Structures are given as structure tokens and as C-alpha cells.
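>>> only geometry, no sequence info:
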């Protein structure tokens, strides 16, 4: 005798099959541990971009195969799901879907029987809590605490549970009191199917800020390389032309080639050299104009030196002030020499 299948199961499979055939991105999520009221709020917030339907693994598997998908794919997606739900969307790709579901996650205090998702490490720090029974309670669960400077402080960094260990007794409650809520609840993505490709959560979990910085770094490195090997593109041409112009000007100045661009630099260089030679001569050998030029140059040098000395005095320790005063006096004597 063939057992009669409940009509609600047929309706559920039919509904799941319809969703699977309409979605471009399909995912299995795990809603285990999510309170019912929280689940309702999450679904309401996500309804605009995706459809979520909770069903037993058997019914989801039947609908999966009925819609033409590979049964091995759904088996792999079920691997980490305790209480699965089917998600289908036409507007989000796998990465966008992961990001949206990630927003629903929040930490809660561990309860007896919960499994540590990772090593639970309590750092050495000042809790800010006033003295009281909390000190003994923390020590009773293996968290070393004592009263220092009027507040409860954790004495040293301690690993209280290893990944996979079971929370027992008041451990979860005591961790919550010091701000550690290790159990993450939310719509946890188990994997997605998009264009025939299975994506696991590890692949989809991308730090977009770091990714952007990496792209900027890669682009800058490629640009520098292209400029160094003189690779002509619309992006590198302005930089290469500027570099070539600068190098050509340097060569022309070194060879003293007179052009419209080099003459101002060459004249300034000759003038500076002339002033240097004049400064080495006896003052009686200089005419009035040259003497005035030397005096102006010396005054400018003194002003620059005094400005530098004042800046250094503001930044240097107090014990160096007397030494800086001596230096300023020396610059004053140089000004008298050429005045």
C-alpha cells in the first residue's frame, strides 16, 4: 500500500520549486538559534530583495531536484545547516546576498550547551566595574580577576575555552558581564548557487575597503612600472612628457645652452657666481653698485638665519636657548662685515 502524502507537503514542494525556477541566485541559510520575533523582523527587512522560505531538508531536496538542479549541490549546501531555509533572489548576486545577510548577525551571551565557535580569549584589562561579588564569580569560572585602584581588573590574558568546547555553568553569563558575547545569531549563509557555480561563505566574505585599497595600490604600481619602461599610453603620456621636459632642461642647463627656457636659470646662476667672486675680493676693489648688492645679499642671509634660529628656539628644549643666542650673535657680526 502506497502511503498517502500530506497535501501541505506537496504544496510546500510546489512553492519551493516555483522559487527555485524563478531565482537567478539561490542560497541555503541556517536560521538555527534565531528567536522567532527576530526572524520576523529580519524577513521583513529583507523581503524587498529576496524571498525566504523555511522548510525541512527533505522537502527542499525534492523541490531542488524537481527544478532540474544537481542533487549533489544541495547536499553540499546542507553540510553546515542545522535548520535550513531556502533563499531566492533575482536582484542580488552571491556577493551582494552575503553582504545583506551578514547585516543580520549579532552576538549574544552563550548558554549552557552552546558550542564555542572559536577560541574564547579574555584579554588583560580594567573592566571598570566596582568591587563586589563579581570578583569571586569571575575567578570561579577560570577568569583571573582582582580589585586594583578601586575597580575589578582581569589580571592576565586567558583562554577560557577552545574552539568546539561546550559552555557549562555560568561561563557564558560571566563572559557577557565583561562584554564578551561569542555566540553569533542571524541568518547565516551556508552557500549559494549562481550560474551553475557553488560559492561558499569563505569565498564571499570580502573586506571591500581593503579590496579597494589593494586595487589602488596595484594601479599605482602598474602606472609606475609603465612610466619606468616608457610605455606610451593615454595615462602615462602626460607624466612621461613632463619627465622628459625636466630632464631636457637639466641637460641644457648643464651644457649652458641658451634658450628661452634656460636663459633665466643661466643668468641667475651667473649672477650668483659673480656675487660669490665679489664676496671674496677686498672691499676697496668693489664699486658702489656691487657693494650694495653684496650688502643686500648679506642682509638677506642674516634675515634667513635669524628666522631659522627663532624657529629652532621655539622647538628646542630650554637648555639650548643660550647656545642659539650665540649663533644669532655670530650672524650679526657677518652682517656688520658686509654692511
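Great, that's in hand. Here the structure is a predicted model, which is why all the values come from computation and not from measurement.
>>> Quickly note the distance from the residue of the chain most remote from its centre to residue 291.
With distances taken as C-alpha atoms, centre = their mean, the residue sitting farthest from the centre of the chain turns out to be residue 284, at 69.3 Å. Distance of residue 284 to residue 291, computed by C-beta to C-beta, to the nearest Å: 10 Å. All C-beta atoms are positioned from the backbone trio N, CA, C, and that covers glycine.
>>> Tell me which residues are up against stretch 107-126.
Contact partners of stretch 107-126, identified using C-beta atoms under 8 Å, 6 or more residues apart in numbering, comprise 143, 148-149, 151-169, 171-173, 175-176, 178, 180-185.
>>> Let's see the ChimeraX selection covering just the buried ones among those residues.
When burial is assessed using 16 or more other C-beta atoms under 10 Å, the buried subset of the contacts of stretch 107-126 is captured in ChimeraX by this command:
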select :143,152,153,154,160,161,167,171,172,175,176,178,180,182,183,185
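>>> Which of the contacts of stretch 107-126 fall in helices?
With helices taken from DSSP state H, the overlap with these comprises 171-173, 175-176.
>>> Contact partners for the nearest residue to residue 261 once chain neighbours are set aside?
If you skip the residues right next to it in sequence, residue 261 has residue 249 as its closest partner in space, 6.2 Å away by C-beta to C-beta, 6 or more residues apart in numbering. Taking C-beta under 8 Å, 6+ apart as the contact definition, residue 249 lies against 261-262, 265.
>>> Just the buried ones out of those, please.
Among the contacts of residue 249, the ones that count as buried by 16+ other C-beta under 10 Å are residue 262.
>>> Show me the strands in the stretch 51-200 of the chain, by range?
When assigned using DSSP state E, counting those that start in this stretch, the strands of the stretch 51-200 of the chain occupy the ranges 51-54, 84-89, 106-108, 120-122, 145-148, 151-154, 158-161, 183-185, 188-194, 197-199.
>>> Pull the contacting residues for residue 65.
If a contact means C-beta under 8 Å, 6+ apart, then residue 65 has 71, 74 as its contacts.
>>> Please report how far residue 92 lies from residue 76.
Distance of residue 92 to residue 76, computed by C-beta to C-beta: 21 Å.
>>> follow-up on the earlier one: just give me the closest of the ones in helices among the contacts of stretch 107-126 to residue 226.
Within the ones in helices among the contacts of stretch 107-126, distances to residue 226 taken as C-beta to C-beta reach their minimum at residue 175, with 53.6 Å.
>>> where in the chain is pLDDT low?
Within the chain, the stretches falling below the threshold (pLDDT under 70) are 1-4, 285-286, 296-298, 300-339.
>>> and the residue farthest from the centre of the chain, how far is that from residue 290?
In terms of C-beta to C-beta, residue 284 sits 12 Å off from residue 290.
>>> Also residue 180?
In this structure, residue 180 and residue 290 are 81 Å apart, going by C-beta to C-beta.
>>> likewise residue 152?
With distances defined as C-beta to C-beta, the gap from residue 152 to residue 290 amounts to 81 Å.
>>> Also residue 174?
When distance is defined by C-beta to C-beta, residue 174 is 88 Å away from residue 290.
>>> Out of the two, name the residue with the larger neighbour count.
Between residue 174 and residue 290, residue 174 has the larger neighbour count (other C-beta atoms under 10 Å), namely 23 against 16.
>>> so what's that one closest to, chain neighbours aside?
Closest residue to residue 174 apart from its sequence neighbours, by C-beta to C-beta, 6+ apart: residue 141 at 5.0 Å.
>>> Residue 266 is in contact with residue 258, isn't it?
Yes: using C-beta atoms under 8 Å as the test, residue 266 is close enough to residue 258 to be in contact (6.5 Å).
>>> so residue 28 is in which element?
Secondary structure from DSSP states H and E places residue 28 in strand 25-30.
>>> Just the buried residues of the next helix or strand after that strand, please?
Beyond strand 25-30 in the direction of the C-terminus, DSSP H and E gives the next helix or strand as helix 36-46. Under the neighbour-count criterion of 16+ other C-beta under 10 Å, helix 36-46 has 38-39, 42-43, 46 buried.
>>> now do stretch 279-287
Buried positions in stretch 279-287, judged by neighbour count with 16+ other C-beta under 10 Å: residue 279.
>>> Equivalent analysis for stretch 5-16, please.
By 16+ other C-beta under 10 Å, the buried positions in stretch 5-16 come out as 12-13, 15-16.
>>> How about stretch 66-77?
67, 69, 73-74, 77.
>>> repeat for stretch 114-123
Neighbour-count burial for stretch 114-123, with 16+ other C-beta under 10 Å as criterion, is recorded at 114, 116, 120, 122.
>>> Thank you kindly, that will do.
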